[in-house]
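How does the following fold in three dimensions:
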Amino acid sequence: MITSMRMSTVEFEQVVEEALNRLPERFAQMLQNIAVVIEDEPTEEDLEVLDDEGGDEEEHDEGSELLGLYRGTPLTERSYGMPLLPDKVAIFRGPILRIARNRREAVREIRDTVIHELGHYFGLGDNDMIY
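Numbering: from 1, shown residues only. Okay, the predicted model is just below:
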């Protein structure tokens, strides 16, 4: 039986907000036209897109959890002649709370996931990031 660590939705949102507020100023200033949202679980479409793109095998093995997802066009691939819809970083509450054994681990996973997904916004691949 899988048990999840307990953290209220409000507390989870506060931890995500804190992670965003702790970004180095030079990176925070570069965040434009992007929304960071909290979703309970990834959709089947999220999992299919991830499978289609490949990704880091170590991160996405059978039975592993998808903690977050960047949906958008990285800065390094943008053409500035066309307006784009806002990019989105989704942080998945259920998977993070399932893998965390305590509040400290949940806070670390939230922070690492926010930073990792924003790395994709800046054009970094999974292998380029330390998380």
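
pretty sure Phe92 contacts Asp40?
Yes: taking C-beta atoms under 8 Å as the definition, Phe92 is a contact partner of Asp40 at 7.2 Å. Every C-beta, even on glycine, is put in place using the N, C-alpha and C of the backbone.

Looking only at neighbour counts, state which of the two leads.
Phe92 (21 against 10; other C-beta atoms under 10 Å).

For the longest helix along the chain, list every residue counted as buried.
Looking across the chain with DSSP state H, the single longest helix is helix 103-121. Buried residues in helix 103-121, defined by neighbour count with 16 or more other C-beta atoms under 10 Å: 106-107, 109-121.

and if you look at stretch 85-96?
If you call a residue buried by 16+ other C-beta under 10 Å, then stretch 85-96 has these buried ones: Asp87, Lys88, Val89, Ala90, Ile91, Phe92, Arg93, Pro95, Ile96.

Also stretch 68-83?
Going by neighbour count (16+ other C-beta under 10 Å), the buried part of stretch 68-83 is Gly68, Leu69, Tyr70, Arg71, Gly72, Thr73.

quick one: which of those is nearest Val16?
Gly68 (10.0 Å; C-beta to C-beta).
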